[in-house]
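1. Take this sequence and fold it.
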Amino acid sequence: MKTVVQADYTRVGTARVTSADRVMAFAQVEEERPGERIATNNKIVAIEEGDRFEAAQQEPRVSARDKMADDEKFRIKNKEENERLSGALDRPFPQYGYASVDLGYGSVTHEQTSSGVTTGVSGGGVAAALAGEIWVTRNWAAGAGYSFHNATLTGTRGGAAIEAGSSSWKRMFLYAGYRMFPSATEGLSVLFAGGYSSVSAEIPASSANELGTKDYAGLLFRVGVDVPFGSAGKVSADLDFVPFGSVTDKSVSLGTSSGANMIGIAAGYHRELFPNLWGKIGFKYEQASATYTGGPTASTRHFVFGPGVQYYF
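-> Sure, this is the predicted structure:
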């Protein structure tokens, strides 16, 4: 047994019953919304009994003049009800995709080991991100995003204090994938996608501390989930993974790279503020790591928490 606790309907048009045969009714389509079509499986959101149905049952054949008069009578009688239905059911609904802007504050941390010496630096700073998605069909989608995080890093190298200076984390990604809508839960969606991701961990070059900028890149795998939460909210979570990537040392090198990988986790709570405009609060954790021939390792990660807005169109 299941209990319906919430149901949201999108009005796709209006139709009028013109005749009936036992238990079957036949209707004439009067209006359809752009991008939608009244089909067999569309939900019926309202049933209006008017004079037209009664007249069709009692007087199958009517003159053109009587038919026009009946149409006008039916329109006037149901005008008030139609105006009521044109509220929440006819609200603008997204058809093409969304765009989002996020702001936050968090930390950037870089750690590496080379020749038996461990170096670790970290710092806090402001971060921002832009992202968007286009819906090719109801299920197929493509998206892209760019983010950056600036911080001044300080720490230690072999136990001695050092200053790495003004540094940044920059990431770009592209993806395309398939979104599922499991029927067991109203509003639930799951995205499986693949694409490309790159990260630039920019640290001022220092030969003495063996620090410098590292660029990571590789094929991206993404899983995203949206779960309804409350009457006007939802919870989202995204997992990004680059299992087989590459790293390029732009300045100071730790040696010959033998492999690299990246991982990202993001989650947040979204709430609709206005039609199609959502506010959100959440966090993001991302890390890029590399290994080198002979044993050196390097890892840069950042963590951000903050608000954002998302507009569906």
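2. Which residues are in contact with residue 266?
-> 236-238, 240, 282-285 (C-beta atoms under 8 Å, 6 or more residues apart in numbering). Just so you know, the C-beta spots here come from the backbone N, C-alpha and C atoms, and that holds for glycine as well.
3. Go through those and name the one nearest residue 147.
-> Among the contacts of residue 266, residue 284 lies closest to residue 147 (C-beta to C-beta), at 7.9 Å.
4. The closest one and residue 307: what is the separation?
-> Distance, residue 284 to residue 307, using C-beta to C-beta, to the nearest Å: 12 Å.
5. Kindly report the same for residue 176.
-> Taking C-beta to C-beta, one finds residue 176 at 28 Å from residue 307.
6. okay, these two: which has more neighbours?
-> Legend: neighbour count by other C-beta atoms under 10 Å for residue 176 and residue 307, higher for residue 176 (16 against 13).
7. what residue ranges in this structure score low on pLDDT?
-> Along the chain, the parts satisfying pLDDT under 70 run over 1-13, 17, 20-26, 30-92, 184.
8. so how many other residues sit close to residue 244?
-> 9.
9. follow-up on the earlier one: as JSON lines, the contacts of residue 266 with neighbour count would be great.
-> Formatted as JSON lines, the contacts of residue 266 follow (neighbours: other C-beta atoms under 10 Å):
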{"residue": "236", "neighbour count": "18"}
{"residue": "237", "neighbour count": "14"}
{"residue": "238", "neighbour count": "19"}
{"residue": "240", "neighbour count": "23"}
{"residue": "282", "neighbour count": "20"}
{"residue": "283", "neighbour count": "14"}
{"residue": "284", "neighbour count": "24"}
{"residue": "285", "neighbour count": "15"}
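10. Serialize those to CSV and add fields for distance to residue 142 and secondary structure.
-> Conversion of the contacts of residue 266 to CSV gives the following (distance: C-beta to C-beta, whole Å; DSSP: H, G, I helix; E, B strand; the rest coil):
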residue, distance to residue 142, secondary structure
236, 18, strand
237, 20, strand
238, 15, strand
240, 15, strand
282, 22, strand
283, 25, strand
284, 21, strand
285, 24, strand
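11. now, which of these sits nearest residue 122?
-> Distance ranking of the contacts of residue 266 against residue 122, using C-beta to C-beta, places residue 285 first at 14.1 Å.
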